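**Q** got a sequence here, can you build the structure:
(4 chains)
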2 protein chains.
Amino acid sequence: MDNDEQAFLADYDPTRFERPSFTVDLVIFTVRDESLRVLLVRRDEHPARGCWALPGGFVDIHRDATIDDCAQRKLLEKTGVAAPYLEQLATYGSRDRDPRYWTATTVYFALLGASALAPEQDPARVRWWPVQGCGVATPLAFDHGRILADAVARLRNKLEYTHIAVHLLPETFTLPELQRTYELILQQPLDKSSFRRRVTEAALLEALPGRFRDSPGRRRPAQLYRFRHYDRETFFPRSLARYAR
Amino acid sequence: MDNDEQAFLADYDPTRFERPSFTVDLVIFTVRDESLRVLLVRRDEHPARGCWALPGGFVDIHRDATIDDCAQRKLLEKTGVAAPYLEQLATYGSRDRDPRYWTATTVYFALLGASALAPEQDPARVRWWPVQGCGVATPLAFDHGRILADAVARLRNKLEYTHIAVHLLPETFTLPELQRTYELILQQPLDKSSFRRRVTEAALLEALPGRFRDSPGRRRPAQLYRFRHYDRETFFPRSLARYAR
DNA sequence: GAAATAGTGTCTATCAGACATTATGGC
DNA sequence: GCCATAATGTCTGATAGACACTATTTC
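**A** Numbering: from 1, shown residues only, chains lettered A, B, ... in the order given. Predicted structure coming up:
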């Protein structure tokens, strides 16, 4: 860096222009009690006070080195989970989405395994809402309803060509459980044989020999599996098929 | 909106917190002279003065109603093209990507048909750089090299399951031209028969009867086609195959 | 052994890749 | 008529969807 550049930077006033407000929001999914669920918080401040909303907030430019770090930090604060599946969804920015000012928010979506969940806090303020269709059974603050719909669509879409659903299960799980997770999210029954072929041929699961899951009322127990390595680059071939019946 | 909320909004001071700087950048692609090209501008200000960079800049919260509008406006300013293919790529935000301050930038990528291009301006300041591999033959400012690599990867990926390549051609084009465009971007020869089957079965092209493209040196002229309607939801089935030979 | 769930085998329609063949127009 | 390019035909291996079947456990 030459002297000229140093002088320029010393002179630079970053508040010279009116700038949009920038936040990070999270769509946090898990599967519990036979449904896909999303973590929402009730707003106790204006605007949209009393409405349910996606968790999120401002970047802390002193604590967060990157927006990914910011999303990770907010997730940890909300759920106590440190290393989940976390992926950037999209950025929504406009003059009207918040009545206060021009805002942009970068939205991440996270998948949490049911076993990793911290116990639910005050259910009047933080709640796992079941996803029905493309949203939840309550109107959301700002444009969060549309954001949630986009996140659900992305999740469904990615189920078809990746293995991300394993991140919604506990560390060990059975193939019927995995299939059930797919069916809950896609809202569609799948063919067992084709599903198993697809999963086993991908060779990403590791059978835990001799171990079975106990579940009351079940008849024959199922083989337990563990996820081997998650590789974002491993996709299913012939992606669109869903084994729908 | 009740009185309480009005009072809250009147009181609100949006400059209370230190916030990141927020910009919009563009990766503008076209195909010309047998190569995929990206529009870069030479920076004449610090930092990274003299480096080539993606076009972009601050959101104008008075003129731009949304970030999409902002991207559209910047594209129009740079290229004179009003309604191209424009899609949000991702948002990059961190403390270090700009030495001045914590910045976030939402990046869009655009595809321009060769016929729509405004004549090149001052080539010392604005230039269509050929894409080689995942980037260009000059280092870029900030993290723009990485952003460009991501955009190229996304473009290649989307070629495999969508029809977006038609946006890189003039309004009318022949199937050999379309195939050549695919081959240039994917950097791989494709099988003619399979390619044509794929394109024609999608039924998105309309043959212009009796019209042929003149091109010196060519022997048999080819049928001209026009793109019917671009439908973002129409994908190719069995997407991953590339007809590679 | 009945019931229920876990898990396997196999047939078939579809389709992508490969490559051969025909068609057409410029020279 | 020759040649280069455009366009079509066809064979085949792979695979997803369908569904029947076997296996194993609880009661």
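**Q** which residues in chain A form helices?
**A** A:3-11, A:67-79, A:144-161, A:175-186, A:192-202 (DSSP state H).
**Q** can I get those in a markdown table including mean neighbour count, distance to chain B and mean pLDDT?
**A** Just so you know, the C-beta spots here come from the backbone N, C-alpha and C atoms, and that holds for glycine as well. Formatted as a markdown table, the helices of chain A follow (neighbours: other Cβ atoms under 10 Å in any protein chain shown; distance: least, Cβ to the nearest Cβ, whole Å; pLDDT from 0 to 100):
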| stretch | mean neighbour count | distance to chain B | mean pLDDT |
| --- | --- | --- | --- |
| helix A:3-11 | 11 | 4 | 52 |
| helix A:67-79 | 19 | 4 | 93 |
| helix A:144-161 | 19 | 8 | 95 |
| helix A:175-186 | 18 | 17 | 94 |
| helix A:192-202 | 14 | 14 | 91 |
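**Q** can you say which of those is nearest to DNA strand D?
**A** Closest to DNA strand D of those, according to Cβ to the nearest atom of the strand: helix A:192-202, at 2.8 Å.
**Q** what's the span of stretch A:105-123, first residue to last?
**A** Counting by Cα to Cα, to the nearest Å, you get 26 Å between the two ends of stretch A:105-123.
**Q** oops, could you answer that again for stretch A:206-217 instead?
**A** Using Cα to Cα, the end-to-end distance of stretch A:206-217 comes out at 26 Å.
**Q** residues making contact with that stretch?
**A** Residues from elsewhere that reach stretch A:206-217 (Cβ atoms under 8 Å, 6 or more residues apart in numbering or on different chains): A:T172, A:F173, A:T174, A:E177, A:P221, A:A222, A:Q223, A:L224, A:Y225, A:R226, A:F227, A:R228.
**Q** close to DNA strand C: what parts of chain A are there?
**A** Within reach of DNA strand C by Cβ under 7 Å from any atom of the strand, chain A has these residues: A:174-176, A:192-193, A:196-197, A:217-223.
**Q** same thing but 10 Å
**A** Taking Cβ under 10 Å from any atom of the strand as the criterion, chain A approaches DNA strand C at residues A:174-180, A:191-197, A:200, A:207, A:212-213, A:215, A:217-225, A:237-238, A:240-241.
**Q** can you tell me the closest non-neighbouring residue to A:K78?
**A** In this structure, A:K78 finds its nearest non-sequential neighbour in A:P55, 5.0 Å apart by Cβ to Cβ, 6 or more residues apart in numbering or on different chains.
**Q** burial of the one you found, as a residue count?
**A** Using other Cβ atoms under 10 Å in any protein chain shown, A:P55 has 19 other residues around it.
**Q** pretty sure it sits against A:L76.
**A** No. A:P55 lies out of contact with A:L76 (Cβ atoms under 8 Å); the separation is 11.4 Å.
**Q** where does pLDDT dip in chain A?
**A** Low-confidence segments of chain A (pLDDT under 70): A:1-17, A:115-120, A:214, A:229-245.
**Q** for chain A, which strand is longest?
**A** Longest strand in chain A, counting residues (DSSP state E): strand A:21-32.
**Q** give me the distance from that one to the chain's centre.
**A** From the chain centre to the centre of strand A:21-32 is a distance of 6 Å (Cα atoms, centre = their mean, to the nearest Å).
**Q** from the contact counts, what lies against that strand?
**A** strand A:35-42, strand A:56-58, helix A:67-79, strand A:103-111, helix A:144-161, helix A:175-186 (3 or more Cβ pairs under 8 Å, 6 or more residues apart in numbering or on different chains; DSSP states H and E).
**Q** among the ones you listed, which comes closest to B:D69?
**A** strand A:103-111 (12.4 Å; Cβ to Cβ).
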